[in-house]
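Asker: task: produce atomic coordinates for the following.
(one chain, ligands or ions: 1)
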Amino acid sequence: MDMEISIIGHGYVGLVTACVFADFGNKVHVIGRTPEKISRLRSGDPIIYEPGLEEILDRNLKNGNLEFSTTYDSIKNSEIVFIAVGTPSQADGSADLSQVKVVAKEIALALGESFTVVSCKSTVPVGTNRAVEKILTENAPAHAKFAVASCPEFLREGTGVSDTLSPDRVVIGTESKKAADLLLELHKPIGGQRVVCDLSSAEMIKYASNSMLATKISFANLIAEMSEVAGANAPLVLKAVGLDNRVGAKFLDAGIGYGGACFPKDVKALAFIGKDLGVDSSLLDQVEKINHNARERFAERIVKHAKGKVLAIWGLSFKPNTDDIREAPSIEIMKYLLKNGFSLRVYDPQAMGHIRRIFGDQLSYFDNKDDALAGSDNLVVLTEWSEFAAADLEEVKKVLKNPVIFDGRNVFDPEQMGKLGFEYYSVGRKDVK
Ligand code: UGA
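Answerer: Next comes the predicted model:
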């Protein structure tokens, strides 16, 4: 059964969700507050970079399944409304829910006479959906019939479309059987196990999932630091640890730590929730501290071994296949390097525009990795884009004034680097000199 749905927000979560559900034949209205962005979306420009998204957007604009608007007119005919707006960190680490609250009120005022499920996709602390329910109750017209639900999103940037099509699980938190049935119906074409639960559990599942993954990464970075001192090979150690089914192989890559719009914010928010609940959540404080240390240690090694050198920087986005630089390790590391007097010649396949807005003329920008390299003394890899792993290393050696590579993502093989005659520093592995 095709449905009519509205989605507030057109970031990575809102837009990907909208495109995927429209592609299944539903009528999807996307609501945003910035007229300039809405007209770009209407013209087929997704604004964000997400592999495969532009084609789906284009297809569903043409077939009329997808519409963009700055008004809430579509709410009155929508069976399901998703809230997918940002919940950034505040200074104390807690989530800023102001956008969710503003949007909830707008939805309330626009509700029609048919039953509507109002479901949060944004990551929100336990109790937020109850607050949304209160806002709806206080502001909705007397004839409105609605129920709230929490439907957290687990897509990753860079693989957003495929993650949405085949998630490991779909979590639906609601106390309304009718809302659960409608959401189950909407998700019917999508893979993964269903977890239908209460509102609070659904809200907690999202923070617990992201914090668990961040904890795995920080654990890997802790083992990497120990391995560097002990002379062990951290990737090998972690691979062996991950071969135990109870642990699992994924998210154990040591490097320069996690970034992005989710893990840093959600670990801080869950730590804050713990404190608020009177529960000792210092484990999460340590996860964050280790993450910060991973960047700092890497930057300090560059300062120690490459003082005064011109550095080519390959990779700026917080991970490959995205243009997103929010909380990207590259930002903190480059600020540190600039403070220590380095000149930086940077290249990223997607994130150059965003980085230029932060750093302006403090960096030299290049359109490809080879031009960034030419004229540089050493190379620093900060994001593991596949084009870097595929680089012709003999050529790299010829072009660099000094064949020294600092690899923050363990892209290259130390043995091969030794054979090629590089001085090579990576994470959790012996230096090659
Ligand atoms: C993360 C979660 O993986 C998604 O499930 C979730 O839906 C999303 O947050 C969200 O809450 O919206 P995302 O931030 O897009 O997704 O990216 P990830 O692939 O999880 O990577 C996060 C960071 O961890 C990146 O900086 C990456 O480089 C780093 N990472 C990842 C490591 O340092 N080591 C690893 O082994 C894996």
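Asker: any idea how far Leu15 is from Lys37?
Answerer: 10 Å (Cβ to Cβ, to the nearest Å). For every residue, glycine as well, the C-beta is placed using N, CA and C.
Asker: residue numbers of the chain in contact with the ligand?
Answerer: Within the chain, the positions adjacent to the ligand are 123, 153-157, 210, 213, 217, 251-253, 255, 257-260, 262-263, 318-319 by Cβ under 6 Å from any ligand atom.
Asker: and for Leu15 and Lys37, which residues touch both?
Answerer: Ile47 (Cβ atoms under 8 Å, 6 or more residues apart in numbering).
Asker: who has more neighbours out of these two?
Answerer: Applying other Cβ atoms under 10 Å to Leu15 and Lys37 shows that Leu15 carries more neighbours, namely 26 against 15.
Asker: could I have the CA atoms of stretch 54-70 written out in CSV?
Answerer: Extracted in CSV, the C-alpha atoms of stretch 54-70 (Å, rounded to 0.1, in the frame of the first residue of the first chain):
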residue,chain,number,x,y,z
GLU,A,54,21.3,12.3,-7.0
GLU,A,55,19.9,9.6,-9.4
ILE,A,56,17.1,8.6,-7.0
LEU,A,57,16.3,12.3,-6.3
ASP,A,58,16.1,13.0,-10.0
ARG,A,59,13.9,9.9,-10.7
ASN,A,60,11.4,10.8,-8.0
LEU,A,61,11.2,14.5,-8.8
LYS,A,62,10.3,13.5,-12.4
ASN,A,63,7.7,10.9,-11.4
GLY,A,64,6.1,13.3,-8.9
ASN,A,65,6.7,11.0,-5.9
LEU,A,66,8.9,13.6,-4.2
GLU,A,67,8.0,17.2,-3.4
PHE,A,68,9.9,19.9,-1.5
SER,A,69,8.3,22.8,0.4
THR,A,70,8.9,25.4,3.1
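Asker: in helices only, show me the residues of the chain next to the ligand.
Answerer: Using DSSP state H, the members of the residues of the chain next to the ligand that fall in helices are 210, 213, 217, 263.
Asker: so what's the first one up against?
Answerer: What that stands for is Asn210. 123, 262-263, 266-267, 270.
Asker: over to Gly191?
Answerer: 165-167.
Asker: residues contacting the residue lying closest to Ser69 once chain neighbours are set aside?
Answerer: Nearest non-adjacent residue to Ser69, counting by Cβ to Cβ, 6 or more residues apart in numbering: Ile31, 5.6 Å away. When contacts are counted by Cβ under 8 Å, 6+ apart, Ile31 touches 6-9, 68-72, 74.
Asker: make a ChimeraX selection of whichever of the residues of the chain next to the ligand turn out to be buried.
Answerer: Those of the residues of the chain next to the ligand that count as buried under 16 or more other Cβ atoms under 10 Å are selected in ChimeraX with:
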select :123,153,154,155,157,210,213,217,251,252,253,255,257,258,259,260,262,263,318,319
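Asker: got any ranges where the stretch 1-150 of the chain has weak pLDDT?
Answerer: The model of the stretch 1-150 of the chain has pLDDT under 70 over residues 1.
Asker: excluding sequence neighbours, find me the nearest residue to the residue of it found nearest the ligand.
Answerer: Closest to the ligand within the stretch 1-150 of the chain is Thr123: 5.7 Å, counting by Cβ to the nearest ligand atom. Sequence neighbours aside, Lys206 is the residue nearest to Thr123 in space, at 5.1 Å (criterion: Cβ to Cβ, 6+ apart).
Asker: whichever strand or helix holds that neighbour: how far from the chain's middle?
Answerer: Following DSSP states H and E, one finds Lys206 within helix 199-230. Its chain's C-alpha centre and that of helix 199-230 lie 15 Å apart, by Cα atoms, centre = their mean, to the nearest Å.
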